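>>> no letters, just coordinates:
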């Protein structure tokens, strides 16, 4: 028997497997990608938060393994679903990946199984989508099997808050389902917080990300206003952050990135329409944040025009940092991709430098050496550590700093433009 099977060997599944394996549980990862499975079984990690030496130890000493065969789920005590929940082109929830996997699980469902959905989704998904697919097996929830929702809370690249020490929210279809899921997680993570239903757990995750989306939109909007008012918004944010209560610091930027914040809020806006309710704050935040790459392109254009007497169509531009956040190579929903598209469409000669992202095949680009003299403008999109940003101020080209990476030195320079 296997203690825990995790369906989905990605940014959520692999760290989750590490935590359970480190806790002494036998762990199986299930993924459709045969190459991923082969890598995992060799102890070769493609997830930055789980280094290969750590994964190899778990494979060799703890028996962690991976497979493409859903039949292996029959011998698992618990099945956790950690699969993507993207948006369609119409910005509606696309549960096809999760639903397809659930139907495969239902074919192997047996008496006593525990199934937990971790994929971020709208309230009602576990009860309305997952439950009926599992009960198509002939088993009934609370009697033949247990079902719960426990949202992933992964923040790639962090070492202070990890899968093990971030509290785990759990809500089951029945109280017994909650108890069983909570007991599983309590065997591996530090803290488990129980809620009364899967709907409460589903909305918990959405609230967390909507909170960030709305507040980021607020500072993005104020940054644009401060540009017109000729007020340094970064100075204002730093000053406001000195207040020890009633304020939480958010920073403006070139747009939202990552697997959660640009996508998850729209799961709730879609579901809310079923109740004749319109989530206007969420929609407005989405509009502001989605417009940021366009605003940043305009700012680069202004900087080139005033600082170099050049137009975008005749400029050599270096995008400095393309991952969605510092010090990792995660490109999911990165605003740098949209900004590069906009600059290329304007006729600019665009290159990029990112020590964590060696290539962007979709744009036929590879990371180039950081040689400021080779460019007319440098746009700081992601502020990775290890780069001397202050030295860029004196290097010659126009610098457009979307992350306040150049600090006070950039603030004092006429060659630096800030968001």
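Yep, it's here. Just so we're clear, the structure is a prediction, and the values are computed from it rather than from any experiment.
>>> which helix or which strand is home to residue 378?
For residue 378, the host element (DSSP states H and E) is strand 377-380.
>>> after that strand comes which helix or strand?
Next helix or strand after strand 377-380 toward the C-terminus (DSSP H and E): helix 389-393.
>>> mind listing the strands the helix or strand just after that next one pairs with, and their directions?
Where DSSP H and E defines the elements, the next helix or strand beyond helix 389-393 is strand 398-401. Partners of strand 398-401 in the sheet, by DSSP bridges, are strand 377-380 (parallel), strand 416-418 (parallel).
>>> what ranges does the stretch 101-250 of the chain have for its helices?
Assigned by DSSP state H, counting those that start in this stretch, the stretch 101-250 of the chain shows helices spanning 125, 131-135, 175-186, 198-229, 233-240.
>>> what pLDDT does the model give residue 1?
For residue 1, the pLDDT comes out at 87.
>>> residues in contact with the nearest residue to residue 409 once chain neighbours are set aside?
In this structure, residue 409 finds its nearest non-sequential neighbour in residue 390, 4.5 Å apart by C-beta to C-beta, 6 or more residues apart in numbering. C-beta coordinates here come from the backbone N, C-alpha and C atoms, glycine included. With contacts defined as C-beta atoms under 8 Å, 6 or more residues apart in numbering, the neighbours of residue 390 are 406, 407, 409, 410.
>>> where do the strands sit along the stretch 301-419 of the chain?
Taking DSSP state E, counting those that start in this stretch as the test, the strands found in the stretch 301-419 of the chain are 316-320, 349-353, 359-360, 365-366, 377-380, 398-401, 416-418.
>>> just the stretch 51-200 of the chain next, same as before
Using DSSP E, counting those that start in this stretch, the strands of the stretch 51-200 of the chain run over residues 65-67, 76-81, 113-117, 145-149, 168-172, 192-194.
>>> pick the most deeply packed of those strands.
Among those, the stretch with the highest mean neighbour count (mean count of other C-beta atoms under 10 Å) is strand 145-149, at a mean of 27.
>>> out of the strands of the stretch 301-419 of the chain, which gets nearest to residue 337?
Nearest to residue 337 among the strands of the stretch 301-419 of the chain is strand 359-360; the distance by C-beta to C-beta comes to 7.6 Å.
>>> chain center to that closest one, what's the gap?
19 Å (C-alpha atoms, centre = their mean, to the nearest Å).
>>> what's the answer for stretch 90-97, then?
Between the centre of stretch 90-97 and the centre of its chain there are 17 Å (C-alpha atoms, centre = their mean).
>>> go on, stretch 133-149?
Counting by C-alpha atoms, centre = their mean, stretch 133-149 comes out at 30 Å from the chain centroid.
>>> ditto for stretch 230-244
Centre-to-centre, stretch 230-244 and its host chain are 27 Å apart (C-alpha atoms, centre = their mean).
>>> for it, which positions count as buried?
For stretch 230-244, the neighbour count (16 or more other C-beta atoms under 10 Å) marks 233, 234, 237 as buried.
>>> who's in contact with the second one?
For residue 234, the contacting residues are 251, 404, 411, 418, by C-beta under 8 Å, 6+ apart.
>>> pull the number of nearby residues for the second one.
Counted with other C-beta atoms under 10 Å, the neighbours of residue 404 add up to 23.
>>> next one, pLDDT for it please.
Confidence score, pLDDT, at residue 404: 96.
>>> from residue 157, how far out is it?
Distance of residue 404 to residue 157, computed by C-beta to C-beta, to the nearest Å: 19 Å.
>>> also the third one?
For residue 411, the distance to residue 157 (C-beta to C-beta) stands at 27 Å.
>>> ok so, going back, nearest to residue 347, out of the helices of the stretch 101-250 of the chain?
Smallest distance to residue 347 across those (C-beta to C-beta): 24.4 Å, for helix 198-229.
>>> okay, buried residues for that closest one please.
Using 16+ other C-beta under 10 Å as the test for burial, helix 198-229 gives 198-199, 201-206, 208-210, 212-214, 216-224, 226-227.
>>> do the same with stretch 114-132
Within stretch 114-132, the residues scored as buried using 16+ other C-beta under 10 Å are 114-123, 125-127, 129-131.
>>> for those, which one is nearest residue 13?
In terms of C-beta to C-beta, no member of those lies closer to residue 13 than residue 118, at 8.4 Å.
>>> that closest one and residue 154 touch, don't they?
No - if you go by C-beta atoms under 8 Å, residue 118 and residue 154 don't touch, sitting 9.5 Å apart.
>>> right, I'll call it a day here.
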